[in-house]
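Participant: let's see this in three dimensions:
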Amino acid sequence: MATALRRLAKCSVSARLLSFAGHSRGRRGHFARPCTVVAQRNFSSASTMTVDLDSSTGIAVMKLHSPPVNSLSLDFLTEIAISLEKLEMNKGCRGVVVTSALPKIFSAGLDILEMYGKSPERCGEFWRAVQEMWLKFYSSRLVTVAAINGSSPAGGCLLSMTCDYRIMADNPRYSIGLNETQLGIVAPFWFKDTMVNTVGHRTAEIALQLGLLYSPQDALKIGMVDELVPEEKLVSTATEAMARWFAIPDHARQITKSAMRKPTIDKLLSARETDISNFVSFITKDSIQKSLKLYLENLRKKKA
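Facilitator: Model prediction:
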């Protein structure tokens, strides 16, 4: 990540790389008053993330910090999944707020340099990490709230949609959505299924076909996000929102969540190896690698 090229390439390009998914398709309100945040404990010392667990409330705040735009690299995806797993194992944790420590961006999507010039083995390892991040969040026993404090296209949108509740900063300069088709490609079936579960079939069909990126206000209208607040109140509102879920007995909430999401999770689990194989086959094609090389060169020219 230290090279100038890597910095240039860390942007929302997951969409360009996902047309392989078509081959595997069909296979197998009012809240409580603000909590006082005390007794915080840092769960991670890595530079790409901080996870602070408040032992008095049971709420952890996970702040993504992988400059410049929180691109989802193999290492970053792995750290996100491990950090959530640690919280899952901590009996004192009941919920996690996911947000960004970077200004104006939640996450710009998958890291293109994980897919350019890499061996098939490395590409497969990367895609497995993308799957793992989704599986960890989508099946989490914890209450998960996305505090979206910036634009969130493609993979960033996917991460936010895995959460139980989404609160976005009310800023018209920000956008969110799965914009794959604008680049001439198709989102994987489990991206599609997540969006259908979030906004409904008809809205998802239109959004995915047109590759729409929504403003916060429009995202609220279709149910992609659940609430808009001023940016400075985003995290505090997210912790307040936890009260609605915490008021329900954990076992009842968790079993209900599992019942709602199990068919979608099982669909990926049953086709996981095929999904990885399709991705590797697609991404290592000479034509795709040439396209990625051209994309990186264009980025370099724009930067210069």
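Participant: which residues does M133 contact?
Facilitator: L72, L77, I80, A81, L159 (C-beta atoms under 8 Å, 6 or more residues apart in numbering). Quick note: C-beta positions are derived from backbone N, CA and C, even for glycine.
Participant: distance check, it against C93.
Facilitator: 18 Å (C-beta to C-beta, to the nearest Å).
Participant: what does S270 give?
Facilitator: Distance from S270 to C93, by C-beta to C-beta: 30 Å.
Participant: repeat for P67
Facilitator: When P67 is compared with C93 (using C-beta to C-beta), they lie 27 Å apart.
Participant: also P249?
Facilitator: 17 Å.
Participant: between these two, who's got more neighbours?
Facilitator: More crowded of P249 and C93, by other C-beta atoms under 10 Å: C93, with 23 against 9.
Participant: now that one, nearest residue through space, not along the chain?
Facilitator: Leaving aside its chain neighbours, C93 sits nearest to L87 (4.7 Å; criterion: C-beta to C-beta, 6 or more residues apart in numbering).
Participant: wait, doesn't that neighbour sit right on L53?
Facilitator: Yes: applying C-beta atoms under 8 Å as the test, L87 and L53 come out as touching, 7.1 Å apart.
Participant: now the helices for the stretch 151-300 of the chain?
Facilitator: For the stretch 151-300 of the chain, the helices defined by DSSP state H, counting those that start in this stretch occupy 155-161, 189-199, 201-210, 216-222, 234-246, 250-270, 272-283, 286-303.
Participant: so which of those helices is the most packed in?
Facilitator: Across these, averaging neighbours per residue (mean count of other C-beta atoms under 10 Å) puts helix 155-161 on top, at a mean of 27.
Participant: now it, how far from the centre of its chain.
Facilitator: With C-alpha atoms, centre = their mean, to the nearest Å as the basis, helix 155-161 stands 3 Å off its chain's centre.
Participant: show me what contacts K192?
Facilitator: Counting by C-beta under 8 Å, 6+ apart, K192 touches A204, L208.
Participant: relative to H201, how far out is it?
Facilitator: Here the criterion is C-beta to C-beta. By it, K192 lies 10 Å from H201.
Participant: give me the nearest residue to S160, chain neighbours excluded.
Facilitator: Nearest non-adjacent residue to S160, counting by C-beta to C-beta, 6+ apart: A146, 4.0 Å away.
Participant: mind checking the end-to-end distance for stretch 220-230?
Facilitator: Start-to-end span of stretch 220-230 (C-alpha to C-alpha, to the nearest Å) is 14 Å.
Participant: check which residues of it are buried.
Facilitator: L220, I222, M224, V225, D226, E227, L228, V229 (16 or more other C-beta atoms under 10 Å).
Participant: would you confirm that the fourth one contacts I148?
Facilitator: Yes: V225 sits in contact with I148 when judged by C-beta under 8 Å, with a separation of 6.7 Å.
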